[in-house]
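In: my questions concern the predicted model and sequence given below.
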Amino acid sequence: MVLSPPDLDDVRDGPLTLFALATDPARLDVWLEEHRQLHPGTDLKAAAAFFLGSLAYEITKLFAQQVLNRGEDTWPLADTVHLRLGWATWHEDGGSGRTLTYRVEFADPIPSRSGQPSCGLLKHCERLVFALHDRSTLPTSALWRIVTDSVAAACLDTGKMRNCPAAGMALAREMLSIPGWPFFNRQWGFFEITATRPDGRPVCEWFRARGGCCRYYTVAGGEYCTTCVLRDAESRNARLRDWLATRPEAGCPAPGLAKADTVDDAA
């Protein structure tokens with residue numbers, strides 16, 4: 001069994017398939033209500049955005065690992081992917097907390113269908129996109145942009161874990177750059193930021209540019225994410241440059257060399 005992420009502390013629902021979730025309005029409402037607990041003032045549109053973005057990221061990350069680590073470029077059959085919803089405890093830099101997340105389960109070896117990766121992505125997300133539109137009224141075009149952003153981030157992050165962001169970016173472009181497909185848009189992409197450390201050392205990173213908005217700015221105390229499509233590029237780049245310059249494990253020692261890239265601040 002291929003799993004992501006680790007065990008949940010408090011399982012709220014599952015296991016169930018994406019199809020079962022997308023075709024059961026009452027159950028989908030339970031998942032949306034759990035996402036409304038993430039931030040005060042989260043409405044149904046924001047909950048749908050948080051849910052779809054996070055889930056698309058987790059599913060794509062497992063697929064990207066299969067492609068980049070094992071050379072297997074087939075999507076698992078939709079009815080073999082099972083989900084659990086729950087709360088998990090995180091630990092980082094001496095701190096800890098609880099967050100809502102998912103346990104995604106693929107059979108191993110993965111029962112799969114060969115063909116264009118974009119087809120697998122579409123089959124996994126299409127029913128859920130329309131179901132979330134029905135429950136939240138968030139336009140399907142906005143929901144597909146959220147899928148695109150999450151897929152791009154998952155591919156880039158997987159490439160970074162292999163110290164090869166170029167491979168992750170190439171996989172994302174293969175999946176998302178087909179005109180006429182629902183996840184195609186001209187706003188998403190990748191860009192590189194170079195900064196100077198306090199000791200004068202230049203560092204650089206690759207980041208994902210969003211084509212959509214996760215609606216975090218609509219919750220109490222929220223704002224535009226650093227890479228939000230609604231934030232201007234000058235502000236975005238300045239924030240990332242400041243973060244990169246001060247982050248202890250910041251990226252490559254100089255532009256043009258192999259890059260050890262990091263995760264964008266907003267998945």
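Out: Ah, there it is. Residues are numbered from 1 along each chain as shown.
In: all strands for the chain, in order.
Out: Chain-ordered strands for the chain, with DSSP state E as the definition, fall at 2-4, 10-17, 75-76, 82-92, 95-106, 112-113, 189-196, 202-209.
In: isn't Trp87 up against Leu8?
Out: Yes. At 6.6 Å, Trp87 counts as touching Leu8 under the criterion of C-beta atoms under 8 Å. The C-beta positions use only the backbone N, C-alpha and C, and glycine is treated the same way.
In: can you pull the residues that touch both of the two?
Out: The contact sets of Trp87 and Leu8 overlap at Thr101 (C-beta atoms under 8 Å, 6 or more residues apart in numbering).
In: looking at those two, which one has more neighbours?
Out: Leu8 (18 against 15; other C-beta atoms under 10 Å).
In: ok, and the closest non-adjacent residue to the more buried one?
Out: Gly86 (3.3 Å; C-beta to C-beta, 6 or more residues apart in numbering).
In: pretty sure the one you found contacts Pro15?
Out: No. Using C-beta under 8 Å, Gly86 is not in contact with Pro15, being 11.0 Å away.
In: more neighbours: the two, which one.
Out: Gly86 (17 against 14).
In: beta partners for the more buried one?
Out: Under the criterion DSSP bridges, Gly86 forms beta bridges with Val11, Thr101.
In: quick check: it vs Leu121, distance?
Out: Separation of Gly86 from Leu121 (C-beta to C-beta, to the nearest Å): 25 Å.
In: longest helix in the protein, please.
Out: helix 44-70 (DSSP state H).
In: I'd like to know which elements that helix is packed against.
Out: Here helix 44-70 touches strand 2-4, helix 25-36, strand 95-106, helix 117-136, helix 140-161, helix 165-176, going by 3 or more C-beta pairs under 8 Å, 6 or more residues apart in numbering; DSSP states H and E.
In: ok, now with 6 Å
Out: In this structure, helix 44-70 makes packing contacts with strand 2-4, helix 25-36, strand 95-106, helix 117-136, helix 140-161, judged by 3 or more C-beta pairs under 6 Å, 6 or more residues apart in numbering; DSSP states H and E.
In: Ala195: which of those is closest?
Out: Of all these, it is helix 140-161 that lies closest to Ala195, at 16.9 Å by C-beta to C-beta.
In: now for the closest one, which elements pack on it?
Out: The elements that helix 140-161 packs onto, with contact taken as 3+ C-beta pairs under 6 Å, 6+ apart, are helix 44-70, helix 117-136, helix 165-176, strand 202-209.
In: need those in TSV (columns: mean neighbour count, mean pLDDT and distance to Ala154).
Out: Formatted as TSV, the helices and strands packed on helix 140-161 follow (neighbours: other C-beta atoms under 10 Å; pLDDT from 0 to 100; distance: least, C-beta to C-beta, whole Å):
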stretch	mean neighbour count	mean pLDDT	distance to Ala154
helix 44-70	22	91	4
helix 117-136	19	89	11
helix 165-176	21	95	8
strand 202-209	22	94	9
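In: so for Tyr216, which of those sits nearest?
Out: Ranking the helices and strands packed on helix 140-161 by proximity to Tyr216 (C-beta to C-beta) places helix 44-70 first, at 7.2 Å.
In: what's the neighbour count on the nearest residue to Asp79 once chain neighbours are set aside?
Out: The spatially closest residue to Asp79, leaving aside those adjacent along the chain, is Thr17, at 5.5 Å (C-beta to C-beta, 6+ apart). Burial of Thr17 is recorded as 16 neighbouring residues (other C-beta under 10 Å).
In: the one 10 residues further on too?
Out: Here the number of neighbours of Arg27 (other C-beta under 10 Å) works out to 16.
In: can you check the pLDDT for it?
Out: If you check Arg27, the pLDDT there is 94.
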